[in-house]
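**Q** sequence and predicted model, in that order:
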Amino acid sequence: MNIRLEVKIFFLFSLILLSSFALASSFVGMNSKEKEQKTIPHFHLNGSEVISQNGKSIVLGESYSLSLVNLSIDDKEPLGLINNYYKIQEVLLQKDLLIKEVEYKKFGQIKIQTTNNKFIKFQDFQLSEQLIILKLFFQSKDSQNLLKNFKTIDLRHKNKLAIGYY
């Protein structure tokens, strides 16, 4: 009789232990999901709605304090600009520059504002080539000195870039 009681207590203890582990891991899962949502960029489109990285409109609760990237678009689908955002951000990360705002003009100009108030201008139909030029510039030895106290980089000139200073 004593052994049966010990077996029952063991199973009861095991059940309590496993259920507490499941409960704790669900809290960790919710925490990591919230962290994941905060790290995925969301976009404030034309000052009127919040969209996700796949271009779908989303509603955020008051408990979220996401850092939104502002997108300003004149008559263009947001997915194209979001795709450009990721391409540009990948290159800018080489110099620890984070995009705060992306503005698209009707004539194809893409204007980037970084979190530290630097401006970079691209032309949409030349974006791939311009990103290659910017990446090569960032990797050059001269970029360290040339990027001190810069305000703007304009890549809309053929095979060149222009740097504006304060």
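**A** Nice, thanks for sending it over.

**Q** domain assignment for this protein?
**A** Domain assignment for the chain by automatic domain parsing gives 1-39, 42-165.

**Q** mean pLDDT lowest where, among those?
**A** Lowest mean pLDDT of the domains of the chain: domain 1-39, a mean of 57.

**Q** please identify the deepest-packed of the domains of the chain.
**A** Comparing those by mean neighbour count (mean count of other CB atoms under 10 Å), domain 42-165 comes out on top with a mean of 14. C-beta: built from backbone N, CA, C; applies to glycine.

**Q** how long is that one from one end to the other?
**A** From its first residue to its last, domain 42-165 covers 31 Å (CA to CA, to the nearest Å).

**Q** and it, how far out from the chain middle?
**A** Centre-to-centre, domain 42-165 and its host chain are 11 Å apart (CA atoms, centre = their mean, to the nearest Å).

**Q** neighbouring contacts of stretch 125-134?
**A** The contact list for stretch 125-134 (CB atoms under 8 Å, 6 or more residues apart in numbering) reads 84, 87-88, 91, 108, 110, 120, 122-123, 153, 155-156, 159-161.

**Q** hmm, 6 Å instead?
**A** 91, 122, 155 (CB atoms under 6 Å, 6 or more residues apart in numbering).

**Q** in strands, which of the residues you listed fall?
**A** If you go by DSSP state E, the contacts of stretch 125-134 have F122 in strands.

**Q** which of the contacts of stretch 125-134 lies closest to K135?
**A** Nearest to K135 among the contacts of stretch 125-134: V91, at 5.0 Å, using CB to CB.

**Q** the helix or strand that contains K151: what's the following helix or strand?
**A** Using DSSP states H and E, K151 sits in strand 150-154. Using DSSP H and E, the helix or strand that follows strand 150-154 towards the C-terminus is strand 162-165.

**Q** just list what that next one packs against, helices and strands only.
**A** strand 150-154 (3 or more CB pairs under 6 Å, 6 or more residues apart in numbering; DSSP states H and E).
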